[in-house]
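> What shape does this take:
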Amino acid sequence: MIRIARPFFSGSKDIKHLVNNLLRREQARLVSQRVLDVPAGNGDTARLLLELGAQVTAADLYPEFFRVPAIECVKANLNRALPFADASFDMVICQEGIEHMPNQLHLFQELNRVLRPGGRAIITTPNYSNLRTRLSYLLLESEGYKLMPPNEVDSVWASDNARTIHDVYLGHIFFANLTKQRALAALSGLRIVEVHPSKVNYTSLALLPFYYPWMRLAGWRARQRGLRKGTPSARRPEAYAELAQLNHSLTVLTGGHLIVEYEKRLETTEAVRELTGKLALDTART
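Now for the predicted structure:
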């Protein structure tokens, strides 16, 4: 089963502080490890990784904003192939990047490709699975009930030298909830091993008594129906158990951020060969 830490009720909710605290707790396994920080931003996380003893590589769509002279930051676009060889890293940190990516499956596949077998990826994103965001999406299809939905005016930043859409910094347009991340990771050869803690979002906590019983009931009914009517698969019970664990987790339902750790289980080609769904042309629906 997935390890899920308890959320906490005091301290900073800033994602940089949360990630820095996590990395400091995990210093023993970072020493001499090859770590890729992408997108690296101004370099705060890369600098800390270097101080903790890691061999750091930094990459970003805009490397000119990187501010750590001791580390080279190379240009990399997460919508395209990363400029690194297969199995180049022991760990990848992808902090607040996935929600900007139109092709999130490609992102997972690239992170999996550059990781060594058994390597880890830590992906962070605003928590689109907490109850506050679920209610906001119901009301406005927005990540926050005080915000307009994603749009081409508020959600896009273009640099002066942008020539194609791949040169444009896209905002929080591509929500990445946790069960979606899990599916994309599985298709890429990764699996969730741990959901790290973040500070509680108090609006989500207040909504919990009203939502949680109905979520448990709906989840149970959907799981029973899937087990009864779905195409026979030995993997279905395990997949459903993980989905239920994530959907019922207080850390997921009330946390302000998702900080998820993945392990490379297979190469992507091997993961594809494991897929068991069959397409019958006479019954396929569009």
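> Mind giving me the packing neighbours of the helix or strand encompassing Tyr212?
Using DSSP states H and E, the element containing Tyr212 is helix 202-229. Here helix 202-229 touches helix 131-140, helix 236-247, helix 250-254, going by 3 or more Cβ pairs under 8 Å, 6 or more residues apart in numbering; DSSP states H and E. Quick note: C-beta positions are derived from backbone N, CA and C, even for glycine.
> Most tightly packed of those helices?
Stretch with highest mean neighbour count among those: helix 250-254 (a mean of 23; mean count of other Cβ atoms under 10 Å).
> Let me see the mean pLDDT of the following helix or strand past that one.
Using DSSP H and E, the next helix or strand after helix 250-254 towards the C-terminus is strand 257-264. Mean pLDDT, strand 257-264: 98.
> List the buried residues in stretch 193-201.
Glu194, Val195, His196, Pro197, Ser198, Lys199, Val200, Asn201 (16 or more other Cβ atoms under 10 Å).
> Same question for stretch 98-106.
Neighbour-count burial for stretch 98-106, with 16+ other Cβ under 10 Å as criterion, is recorded at Ile98, Glu99, His100, Met101, Gln104, His106.
> Same question for stretch 174-183.
Of all the residues in stretch 174-183, those buried under the rule 16+ other Cβ under 10 Å are Phe174, Phe175, Ala176, Asn177, Leu178, Gln181, Arg182.
> one step back: just the buried residues of stretch 98-106 now: which is nearest Phe9?
Taking Cβ to Cβ as the measure, Phe9 lies nearest Glu99 of the buried residues of stretch 98-106, at 25.0 Å.
> I'd guessed that closest one sits against Ala176; true?
Yes: using Cβ atoms under 8 Å, Glu99 is in contact with Ala176, at 5.3 Å.
> coming back round to it: can you list the helices and strands packed on helix 202-229 in a markdown table and add mean pLDDT and distance to Phe65?
Formatted as a markdown table, these follow (pLDDT from 0 to 100; distance: least, Cβ to Cβ, whole Å):
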| stretch | mean pLDDT | distance to Phe65 |
| --- | --- | --- |
| helix 131-140 | 95 | 28 |
| helix 236-247 | 95 | 34 |
| helix 250-254 | 97 | 32 |
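> Show me the one of those that comes nearest Ala162.
The closest of the helices and strands packed on helix 202-229 to Ala162 is helix 131-140. By Cβ to Cβ, the value is 28.6 Å.
> what's the farthest-apart pair in the buried residues of stretch 98-106?
So for the buried residues of stretch 98-106, where distance means Cβ to Cβ, the most widely separated pair is Glu99 and His106, at 14.6 Å.
> any weak-confidence spans in the stretch 51-200 of the chain?
Low-confidence segments of the stretch 51-200 of the chain (pLDDT under 70): 158-160.
> quick one: the strands in it?
Using DSSP state E, counting those that start in this stretch, the strands of the stretch 51-200 of the chain run over residues 55-60, 73-75, 89-95, 115-126, 156-158, 168-170, 190-196.
> would you put the C-alpha positions of the fourth one in CSV?
Below are the C-alpha coordinates for strand 115-126, written out as CSV (Å, rounded to 0.1, in the frame of the first residue of the first chain):
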residue,chain,number,x,y,z
LEU,A,115,15.5,7.8,-13.9
ARG,A,116,17.6,4.8,-13.2
PRO,A,117,15.7,1.6,-12.3
GLY,A,118,14.3,2.0,-8.8
GLY,A,119,14.9,5.8,-9.0
ARG,A,120,12.5,8.2,-7.4
ALA,A,121,10.6,11.3,-8.6
ILE,A,122,9.0,13.8,-6.3
ILE,A,123,6.3,15.8,-7.9
THR,A,124,4.5,18.7,-6.2
THR,A,125,1.5,20.6,-7.3
PRO,A,126,-1.4,22.6,-5.7
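> Tyr169 contacts Asp60, doesn't it?
No: if you go by Cβ under 8 Å, Tyr169 and Asp60 don't touch, sitting 10.5 Å apart.
> which of these two has more neighbours?
Between Tyr169 and Asp60, Asp60 has the larger neighbour count (other Cβ atoms under 10 Å), namely 23 against 14.
> my read: the more buried one touches Ala76, true?
Yes: counting by Cβ under 8 Å, Ala76 is a contact partner of Asp60 at 6.6 Å.
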